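**Q** okay, structure incoming, though there's no sequence with it:
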């Protein structure tokens, strides 16, 4: 494979990661086929120049047809609701595992050159930080299990059929175009959307959970070479920073400073199966992709704030139903009070 113009299929093109990736691919001169079922994205996220199809990744026959002539697949689409997966396991598993199998099967059938799968740091579970790619996956919730299962199917199908594969592990990406009216995920966007409506941020547990956040442009800079860089075949690579490892309380403080709304957070009981500390090592990305963190956490939050301010705040959209409702289910979700 060379870096000449390619026909590239991107799933989740109306979403956060897929839209930014597609925009860059079009800018580089590639033909981009974009697929999205609009569950987790915005129509105006779809970049100009993308041949867009409103399709569900589980619709194998349609996906198989759209895969004709494709050189590279970036599978970015996901219902990336780690916490919600504990209470809506069927919907989350269907949209992550079965959708992935559909995409991989069509890609293998049409003999693409390479598949790049965007998995999740949830694969590492609650192991000792920093997470390294050599660690055996230890998923602790249905979302993470679905992503690890999809990884295994990808490797199995590709190895059998001679298709190149790369697995990217982005983590806690922030920035413009992130869905900020989703009540179940995207802590920075949820906090900003609430604060900009003069509502206090909601934190589950004591807020001492620690995370590392990646700005979208820094993530995209790693994904682009994955389409054809030869030494990346069969690699699993964490992409994102490991310099700023902060608590959720600190995130709330920065969001407060950026938005200008000062209020003590509202603390709720812990969500079950939430990983306390999640930090990925970026050493492999530095070695193979010359990765460098160019946008700090605060600057990334400022850019996210500016995006929401330009579009306007929104009421939260509870577009995924709870399947399991019991004493463990967060009251904020049961009562739709985020």
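**A** That came through, no problem. All of these numbers come straight from a predicted model, not from anything done at the bench.

**Q** counting contacts, what elements does the top helix by length along the chain pack onto?
**A** When every helix of the chain is counted residue by residue (DSSP state H), the longest turns out to be helix 142-161. Packing contacts for helix 142-161, counted by 3 or more CB pairs under 8 Å, 6 or more residues apart in numbering; DSSP states H and E, involve helix 89-93, helix 99-109, strand 114-118, strand 164-170. Heads up, the C-betas are built off the backbone N, CA and C, glycines and all.

**Q** what does it contact?
**A** With contacts defined as CB atoms under 8 Å, 6 or more residues apart in numbering, helix 142-161 is touched by 78-82, 84-86, 89, 92-93, 96-97, 100-101, 104-105, 108, 111, 115, 117, 119-120, 122-123, 125, 137, 139, 163-165, 167, 236.

**Q** quick one, which of the helices and strands packed on helix 142-161 is packed in tightest?
**A** The highest mean neighbour count among these, using mean count of other CB atoms under 10 Å, belongs to strand 114-118: a mean of 25.

**Q** quick one: contacts for residue 61?
**A** With contact taken as CB under 8 Å, 6+ apart, residue 61 is in contact with no other residue.

**Q** would you indicate which residues of the host helix or strand of it are buried?
**A** Using DSSP states H and E, the secondary-structure element containing residue 61 is helix 60-66. Under the neighbour-count criterion of 16 or more other CB atoms under 10 Å, helix 60-66 has 60, 62-64, 66 buried.

**Q** widest-spaced pair of these?
**A** 60 and 66 (10.8 Å; CB to CB).

**Q** any shared contact partners between these two?
**A** With contacts defined as CB under 8 Å, 6+ apart, the residues shared by residue 60 and residue 66 are residue 106.

**Q** ok and the longest helix of the chain relative to strand 114-118, angle-wise?
**A** Relative orientation of helix 142-161 and strand 114-118, computed by axes from the mean of the first three to the mean of the last three CA atoms, to 10 degrees: 170 degrees.

**Q** begin at 753 from now on, thanks
**A** Yep, numbering from 753; the last one is helix 894-913 now.

**Q** could you check the angle helix 851-861 makes with helix 894-913?
**A** If you take the same axes, to 10 degrees, helix 894-913 sits at 10 degrees to helix 851-861.

**Q** list the buried ones in helix 894-913?
**A** In terms of neighbour count (16+ other CB under 10 Å), helix 894-913 has its buried residues at 894-903, 906-907, 909-910.
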